[in-house]
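**Q** A structural model of the following input is requested.
(2 chains)
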Amino acid sequence: EAGVAQSPRYKIIEKRQSVAFWCNPISGHATLYWYQQILGQGPKLLIQFQNNGVVDDSQLPKDRFSAERLKGVDSTLKIQPAKLEDSAVYLCASRLAGNYNEQFFGPGTRLTVL
Amino acid sequence: QQQVKQSPQSLIVQKGGISIINCAYENTAFDYFPWYQQFPGKGPALLIAIRPDVSEKKEGRFTISFNKSAKQFSLHIMDSQPGDSATYFCAASRPGNQFYFGTGTSLTVIP
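**A** Numbering: from 1, shown residues only, chains lettered A, B, ... in the order given. Just a heads-up that it's a prediction; the model follows:
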């Protein structure tokens, strides 16, 4: 079974530039998450999708971050404009619908904002 | 506010020893407590998980102990091996809601 795919793996940008990350979840997984993991910290949820609908985006800085999941499969996360404090690893995870199912993480995208 | 508090931040254990990582939570609505293992450059991977209807769950060398009244749970790694060297995260969630992660414990197992 193929895992969660993310691209790019690494990205370096200047502050105030824009960046986009892509995630392809495991086939059949209705729930998709985007997390931000700052160095030395645990993952923090940015947004949770159920199919193509948003379940929770309460911690998404909506003035600069946006995310979409068209057709309930792939998802993109965008930052526009980026700030220095956005430097982090952005993790995508997916799981089957229903409670207590395992959450599978992708390898993440390491973003460095200079 | 940190929903899940994890300690210690780092841990060094001799090969064959026992590694113990502790977590505490406040929200009594949480009913699912997974532990994740993360290697450098990789995403977290589920190691073992427990629900509060049991006080202990064991899978191989890994055991979760759960104390519902104290709102604490811990991960025990028996016979620790150098290949166990990684960062470990506890987490908590309730049905349909987000996962709250601890701050992580960097485990180093010395040969």
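**Q** Tell me the residues of chain A that contact chain B?
**A** Proximity of chain A to chain B, by CB under 8 Å from any CB of the partner chain, involves residues A:4, A:33, A:40-45, A:48, A:55-56, A:91, A:93, A:99-100, A:102-108. All C-beta spots, glycine's among them, are computed from the backbone N, C-alpha and C.
**Q** run the last query once more with 7 Å
**A** Applying CB under 7 Å from any CB of the partner chain, we find that chain A lies next to chain B at A:41-43, A:45, A:48, A:56, A:91, A:99-100, A:102-103, A:105-108.
**Q** ok, which stretches of chain A are strands?
**A** With DSSP state E as the criterion, chain A has strands at A:5-7, A:10-13, A:19-24, A:31-37, A:44-50, A:53-56, A:65-68, A:75-79, A:88-95, A:104-105, A:109-113.
**Q** Make TSV out of these and add mean neighbour count and distance to residue B:48.
**A** Below are the strands of chain A laid out as TSV (neighbours: other CB atoms under 10 Å in any protein chain shown; distance: least, CB to CB, whole Å):
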stretch	mean neighbour count	distance to residue B:48
strand A:5-7	17	25
strand A:10-13	14	31
strand A:19-24	19	25
strand A:31-37	23	20
strand A:44-50	21	21
strand A:53-56	14	25
strand A:65-68	18	30
strand A:75-79	19	28
strand A:88-95	24	16
strand A:104-105	22	15
strand A:109-113	18	27
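**Q** So which bits of chain B are right by chain A?
**A** Near chain A, when you scan chain B using CB under 7 Å from any CB, you find B:32, B:41-46, B:89, B:95-96, B:98-99, B:101-104.
**Q** can I assume residue B:69 sits in a helix?
**A** No. Counting by DSSP: H, G, I helix; E, B strand; the rest coil, residue B:69 falls outside a helix, being coil.
**Q** So what's the residue count around it?
**A** 5 (other CB atoms under 10 Å in any protein chain shown).
**Q** Which residues are in contact with it?
**A** By CB atoms under 7 Å, 6 or more residues apart in numbering or on different chains, residue B:69 lies in contact with nothing.
**Q** ok, it to residue B:93 distance?
**A** 20 Å (CB to CB, to the nearest Å).
**Q** ok, now residue A:100?
**A** Counting by CB to CB, the gap from residue A:100 to residue B:93 is 9 Å.
**Q** what do you get for residue A:51?
**A** Relative to residue B:93, and taking CB to CB, residue A:51 is found at 19 Å.
**Q** Then residue B:47?
**A** 15 Å.
**Q** what does residue B:28 give?
**A** 13 Å.
**Q** Of those two, which one has the most company?
**A** residue B:93 (24 against 10).
**Q** That one against residue B:30, yeah?
**A** Yes. Residue B:93 is within contact range of residue B:30, at 6.4 Å (criterion: CB atoms under 7 Å).
**Q** bridging residues for residue A:88?
**A** Taking DSSP bridges as the rule, residue A:88 bridges to residue A:111.
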